[in-house]
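In: Return atomic coordinates for the entry below.
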Amino acid sequence: MLGRLAKEPPFRILARAILKRVPVSVETRALWELSERPQYLVGVLAGAREARRHGIDEICVAEFGVAGGTGLLALEEAAAAVEREAGVRIKVYGFDNGPSGLPPGTGDYRDHPDWWKPGDFPMDVEKLKRRLTPRTQLILGDVAETVDRFVEEVQDAPLGFASFDLDLYSSTRAALRILSHEKRRILMNVPLYFDDIAFLVNHRFAGELLAIEEFNEEGNVKIDRWYGIRNNRPFPERPFLERMYVAHDLDAITRCSLSRANVRLDLKSSSPLIELEPRLRKRDGRARGIQTSRLRK
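Out: This is a model prediction of the structure:
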């Protein structure tokens, strides 16, 4: 009862102020938006939960569009916090064009020349590298060239969360290859954040929204809104929530089936899975166990 009351106006403001001043779990920090970029903590935590659900002990997370590095540092901090409490190892990657800033792109309306121009957001590479920990690696260059190489030669853990802030349709379209590459390594359900979809100039015929729409016309990984993300949150009106999406690997989902011999589900709970103890079986006969866990939002 008190928990529900704390989420109601005007009590939620006082509750958040108190929580900022006391040690709390990473799940509480994500719920009450106590981090600099709550979308990153929410996404990384959800990715770690999804990994645990399938017995995966290591994931990677990525920010596409680093610029000055404020977001990448926040992602690094979120990864470290979630790793400590969730028991899932997390590597961080930052993709950017480096000192050159935004690339030329298509040269037409799809890349919003009314909003961006080539060379915007250049990176001071050495300055940023000095601030990063060994957990994080910069992947520099045009994503049209670096993403395929990353999947084929660098990535050694499934993608668990990605943020897209590349501004341009063309760059975002290229970056989404991390989800559709024939050798992709991703969770079956990957939380995503798209930064440039909620301004006056945004529409589905250009920018990130067009990149998402075209991506969904191909292949069997589909990007959709994160339905229900506002449920049971103390601040469901926050703008970042409408920018949260999920990539669903339909092929991987099709290959799996669940045996629920020892499952007890609490249908009244907001938790996606409670005391889950099935085995996840691929239809080719191979199986891997899923550890019993109690997951809470």
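
In: Low-confidence stretches in the stretch 1-150 of the chain?
Out: Along the stretch 1-150 of the chain, segments meeting pLDDT under 70 span 1-2.

In: Quick check: can you list the domain ranges of this structure?
Out: Listed domain ranges for the chain are 37-254, 258-297 (source: automatic domain parsing).

In: Could you dump those domains into CSV and include mean neighbour count?
Out: C-beta here means a position set from N, CA and C on the backbone, and glycine is covered the same way. Shown next, in CSV, are the domains of the chain (neighbours: other Cβ atoms under 10 Å):
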stretch, mean neighbour count
domain 37-254, 19
domain 258-297, 13
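
In: In JSON lines: these, plus distance to Arg21.
Out: Output for these, formatted as JSON lines (distance: least, Cβ to Cβ, whole Å):
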{"stretch": "domain 37-254", "distance to Arg21": "16"}
{"stretch": "domain 258-297", "distance to Arg21": "23"}
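
In: Pro239: what's it in contact with?
Out: The neighbours of Pro239, taking Cβ atoms under 8 Å, 6 or more residues apart in numbering as the test, are Ala198.

In: Following the one helix or strand Ala17 maps to in sequence, what is the next regular element?
Out: Counting by DSSP states H and E, the element that carries Ala17 is helix 11-19. Remark: after helix 11-19, the chain's next helix or strand is helix 26-31, criterion DSSP H and E.

In: mind checking the SS state of Thr172?
Out: With DSSP: H, G, I helix; E, B strand; the rest coil as the basis, Thr172 sits in helix.

In: when you give positions from now on, start the count at 26
Out: Taking 26 as the first residue, the last one we looked at is Thr197.

In: what's the spacing between the nearest residue to it once chain neighbours are set aside and Leu193?
Out: Nearest non-adjacent residue to Thr197, counting by Cβ to Cβ, 6 or more residues apart in numbering: Ala236, 4.0 Å away. Distance of Ala236 to Leu193, given as Cβ to Cβ, to the nearest Å: 9 Å.

In: quick one on the thing from earlier: list the helices and strands the helix holding Ala42 packs on?
Out: Helix 36-44 is packed against helix 27-31, with contacts defined by 3 or more Cβ pairs under 8 Å, 6 or more residues apart in numbering; DSSP states H and E.

In: who does the helix it packs on touch, helix- and strand-wise?
Out: By 3+ Cβ pairs under 8 Å, 6+ apart, helix 27-31 packs against helix 36-44.

In: what's the offset of the helix it packs on from the middle of its chain?
Out: 26 Å (Cα atoms, centre = their mean, to the nearest Å).

In: returning to what we had before: give me the distance between the residue nearest to Thr197 and Ser60.
Out: Distance from Ala236 to Ser60, by Cβ to Cβ: 27 Å.

In: do the same with Lys116
Out: Taken as Cβ to Cβ, the span from Lys116 to Ser60 is 19 Å.

In: Over to Ser188?
Out: Where Ser60 is concerned, Ser188 sits at a distance of 14 Å (Cβ to Cβ).

In: Ok, Val271 next?
Out: 20 Å.

In: Phi first, then psi, for Val117.
Out: The phi/psi pair for Val117 (degrees, to the nearest 10) reads phi -120, psi 140.

In: Can you name the residues bridging to it?
Out: As for beta bridges, Val117 partners with Val86, Thr161 under DSSP bridges.

In: Could you pull up the residues touching the residue nearest the centre of the chain?
Out: In the chain, the residue lying closest to the centroid (Cα atoms, centre = their mean) is Phe186, at 2.8 Å. Residues in contact with Phe186 (Cβ under 8 Å, 6+ apart) are 65, 68-69, 71-72, 84, 86-87, 215-218.

In: does it count as helix, strand or coil?
Out: Classified using three-state DSSP, Phe186 is strand.

In: how close does the spatially closest residue to Arg202 that is not a sequence neighbour sit to Arg37?
Out: Among residues not flanking Arg202 along the chain, Val172 sits closest, at 4.7 Å (Cβ to Cβ, 6+ apart). Look at Val172 and Arg37: by Cβ to Cβ, they are 40 Å apart.

In: do the same with Val150
Out: For Val150, the distance to Arg37 (Cβ to Cβ) stands at 41 Å.

In: Could I get the full set of strands for the protein?
Out: Along the chain, the segments classed as strands by DSSP state E run 83-89, 114-121, 161-165, 184-189, 214-219, 246-250, 269-274, 281-284, 304-307, 312-314.

In: Out of those strands, flag the one nearest Glu177.
Out: Among those, strand 161-165 comes nearest to Glu177, with 12.7 Å by Cβ to Cβ.
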